[in-house]
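Student: sequence first, predicted model second:
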Amino acid sequence: MSRKGAKLLLDSLARSAKHFNKSEVECLVNLFDTLVARASSHYAGVGFDRTVFRDTLYSAFGMTDDAVLDRDCFAVYDLNGDGYISREEMFQMLKNSLLIQPADEEPDEGVKDLVEIALKKMDYDRDGKLSFADFEQAVRDEKLLLEAFGPCLPDIKSSISFEQKIFRAAPK
């Protein structure tokens with residue numbers, strides 16, 4: 001890409017970015033270019049493929065869970081891949097992500113209650129399951145719901161460390 005084309009791309013991205021200033025966008029573009037160049041020299045192909053993406057998530061954030069690395073956030077929870085997050089899938093994800101106290105006599109009942117609360121909050125079309133559209137709208141309305149059924153993104157400590165490393169060179 002020409003220098004002028006790169007500047008136009010950077011300006012366009014900076015204008016449309018809601019959570020980054022222009023210097024941060026420039027740092028992210030430079031990071032992407034570095035990763036693509038490293039991928040092109042390390043692997044036979046050209047570009048930022050799944051292997052490079054997984055390696056980056058591992059090295060930058062310590063992420064190793066294959067279920068998370070091989071899917072986007074919605075698909076992490078859509079266990080059977082049918083395009084919906086059902087009550088049963090919510091139950092499994094919540095049951096696996098909650099710490100159950102030994103004194104809890106019937107922990108499954110508490111998890112079932114949480115599933116009903118999540119459905120009430122996130123099921124916009126009221127069909128008893130979450131479509132991608134339901135999930136996307138719920139997450140846009142409340143960012144904390146992105147990890148409602150268990151973690152699918154890097155932990156906060158890794159995220160802060162990554163941001164400091166990438167943006168420390170960015171002028172404020």
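Tutor: Received, thanks.

Student: and the helices in this structure?
Tutor: Under the criterion DSSP state H, helices of the chain are mapped to 3-16, 22-42, 50-61, 66-69, 73-77, 87-97, 107-122, 132-141, 156-167.

Student: which residues touch Phe61?
Tutor: 154-155, 158-159, 162 (Cβ atoms under 8 Å, 6 or more residues apart in numbering). Bear in mind the C-beta positions are built from the backbone N, C-alpha and C, glycine included.

Student: same question but for Thr56, I mixed them up
Tutor: Leu35.

Student: can you pull the pLDDT of it?
Tutor: Listed pLDDT for Thr56 reads 77.

Student: run through this protein and note the low-pLDDT ranges.
Tutor: 1, 39-48, 66-71, 97-105, 147-153, 169-172 (pLDDT under 70).

Student: can you give me the domain assignment for it?
Tutor: 3-63+156-167, 69-147 (automatic domain parsing).

Student: pick the most deeply packed of the helices of the chain.
Tutor: helix 73-77 (a mean of 19; mean count of other Cβ atoms under 10 Å).

Student: off-centre distance for it?
Tutor: Helix 73-77 sits 9 Å away from the centroid of its parent chain (Cα atoms, centre = their mean, to the nearest Å).

Student: and it, what other elements does it pack with?
Tutor: In terms of contacts (3 or more Cβ pairs under 8 Å, 6 or more residues apart in numbering; DSSP states H and E), helix 73-77 is packed against helix 87-97, helix 132-141.

Student: what's the closest of the ones you listed to Glu116?
Tutor: helix 87-97 (8.3 Å; Cβ to Cβ).

Student: the closest one vs helix 107-122, what angle?
Tutor: 120 degrees (axes from the mean of the first three to the mean of the last three Cα atoms, to 10 degrees).

Student: touching helix 87-97 from outside, list them.
Tutor: Against helix 87-97 from outside (Cβ under 8 Å, 6+ apart): 77-80, 107-108, 111-112, 114-115, 118-119, 128-130, 149-151.

Student: 10 Å instead, please
Tutor: 76-80, 82, 85-86, 107-108, 110-116, 118-119, 122-123, 128-130, 147-152 (Cβ atoms under 10 Å, 6 or more residues apart in numbering).

Student: next one: stretch 132-147
Tutor: 72-78, 83-85, 97, 118-119, 121-127, 130-131, 148, 152-153.

Student: change it to 8 Å
Tutor: Taking Cβ under 8 Å, 6+ apart as the rule, stretch 132-147 contacts 73-74, 77, 83, 85, 118, 121-125, 130, 152-153.

Student: related to what we said a few turns ago, turn the helices and strands packed on helix 73-77 into TSV, columns for distance to Leu57.
Tutor: Formatted as TSV, those follow (distance: least, Cβ to Cβ, whole Å):
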stretch	distance to Leu57
helix 87-97	19
helix 132-141	20
